[in-house]
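A.B. asks: sequence and predicted structure below; questions after.
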Amino acid sequence: MSSFKPSRRNLLQMAAAAPAFALPATGARAKLSAPAAAQPAYHRFTVGDARITIVSDGYLGLSASGLGVETEPSDVTDFLEAHYLSTEQNYAHTNHVIIETGDAKVLIDVGSGTRFLNTAGRLMANMESAGIDPASITHVVITHAHPDHVWGIRDDFDEVILPDAEFIIGADEYAWWTASGRVSQVPESLQQFVVGAVNSLTAEGLEWTMGKDGHEVVPGVRLFATYGHSPGHMSVMVESNGNQLLVLGDSMNHAYISFERPDWLSSFDMEQEQTIKTRLRLLDMAATDRIPVVGYHFPFPGVGHVMRDGSAYRFIPALWRWED
């Protein structure tokens, strides 16, 4: 298993370069203009008796050079152009899942807060727009400790945002980021992410439930080990009345590349060989068992199906239903 190897396309450089990404892409492609008013920031559906709400934390404008980092750049450019995507900017949505089942309200990840990019950090406000009181959240599952998933765990006063909720994380994920001396064991380009993760995971007053593969968060909601993108990454399986939904987190982080070229890696994928193995396992399972999925960085609301397409796969967005 190879480990994360930062390059000129590492995460810090992508974040620092974000303001420059407003430059127009060359060549003709479909591009929608900015909205005149705010877009809807949540979407609801059901899985059996479980009520699911997708709530946006905003978006991340990252460099497209962070896609397919081990691949010939011209091949990545050709792929993006063929899919009507910018070859300069990877415009990534941030889709948080809230699961209401029985008396429980389970939130998956806490977003960026105010500590990452200023285009994100809108989760709490958008939850309230969706009619969900943040104080009503009973459980918070952290899929992994990258900035856009965990840095929002504290408010601007360094206090835990949801102090009454039970916080759950994969035990291996927590152990990796908080290991003694970790910040000095990683390249300089990754040190800020380690510091941010440690500050978030060890916030004062925060108590963790350490989970393993199969850990039951509440009845019908369990952790599903999907290591690779991070050392202890967890996805979440929701089951109710014979229906299922797989919340992917970042185990598949691009709605087209991760499906059609699952062997292409992003700058975010920390354990590269394991990322590919995990991705292929998920794709095969979801396609075989016809399990709908939610991708954190997929086009909002990020819900769809996995379809086999020759030796690869395709993401098929789920059809919205306006009413029963």
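C.D. replies: Arrived safely. What you see is a predicted model; the values in this text were computed from it and never measured.

A.B. asks: stretch 270-289: which residues count as buried?
C.D. replies: By 16 or more other C-beta atoms under 10 Å, the buried positions in stretch 270-289 come out as Met270, Glu271, Gln272, Gln274, Thr275, Ile276, Thr278, Arg279, Leu282, Leu283, Ala286, Ala287. All C-beta spots, glycine's among them, are computed from the backbone N, C-alpha and C.

A.B. asks: in CSV, list these along with pLDDT and secondary structure.
C.D. replies: Below are the buried residues of stretch 270-289 laid out as CSV (pLDDT from 0 to 100; DSSP: H, G, I helix; E, B strand; the rest coil):
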residue, pLDDT, secondary structure
Met270, 92, coil
Glu271, 94, coil
Gln272, 93, helix
Gln274, 98, helix
Thr275, 98, helix
Ile276, 97, helix
Thr278, 98, helix
Arg279, 98, helix
Leu282, 98, helix
Leu283, 98, helix
Ala286, 98, helix
Ala287, 98, helix
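
A.B. asks: will you turn these into CSV that also has distance to Arg222?
C.D. replies: Putting these into CSV (distance: C-beta to C-beta, whole Å) gives the following:
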residue, distance to Arg222
Met270, 24
Glu271, 23
Gln272, 27
Gln274, 21
Thr275, 22
Ile276, 24
Thr278, 17
Arg279, 20
Leu282, 15
Leu283, 20
Ala286, 16
Ala287, 21
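
A.B. asks: just those residues now: which is nearest Gln39?
C.D. replies: Nearest to Gln39 among these is Ala286, at 27.6 Å by C-beta to C-beta.

A.B. asks: what helix or strand does the closest residue to the closest one other than its chain neighbours sit in?
C.D. replies: Closest residue to Ala286 apart from its sequence neighbours, by C-beta to C-beta, 6 or more residues apart in numbering: Val306 at 4.0 Å. Applying DSSP states H and E as the criterion places Val306 in strand 303-309.

A.B. asks: what is the burial count for the residue nearest to Ala286?
C.D. replies: Per other C-beta atoms under 10 Å, the neighbour tally for Val306 reads 24.

A.B. asks: hmm, it is touching Phe259, no?
C.D. replies: Yes. The pair Val306 / Phe259 is scored as a contact, 6.9 Å apart, by C-beta atoms under 8 Å.

A.B. asks: sec struct for His93, please.
C.D. replies: strand (DSSP: H, G, I helix; E, B strand; the rest coil).

A.B. asks: ok, so what distance separates the nearest residue to Arg290 once chain neighbours are set aside from His146?
C.D. replies: Closest residue to Arg290 apart from its sequence neighbours, by C-beta to C-beta, 6+ apart: His305 at 7.0 Å. Applying C-beta to C-beta, to the nearest Å, the value for His305 to His146 is 26 Å.

A.B. asks: who has more neighbours, the two?
C.D. replies: Between His305 and His146, counted using other C-beta under 10 Å, the more crowded position is His146 (26 against 17).

A.B. asks: pLDDT value on the more buried one, please?
C.D. replies: Listed pLDDT for His146 reads 97.

A.B. asks: backbone dihedrals for it, please?
C.D. replies: His146 adopts backbone torsions of phi -70, psi 160, taken as degrees, to the nearest 10.

A.B. asks: point to the helix or strand of the protein where mean pLDDT is at its lowest.
C.D. replies: Using mean pLDDT, DSSP states H and E, the weakest-scoring helix or strand in the chain turns out to be helix 11-16, at a mean of 44.
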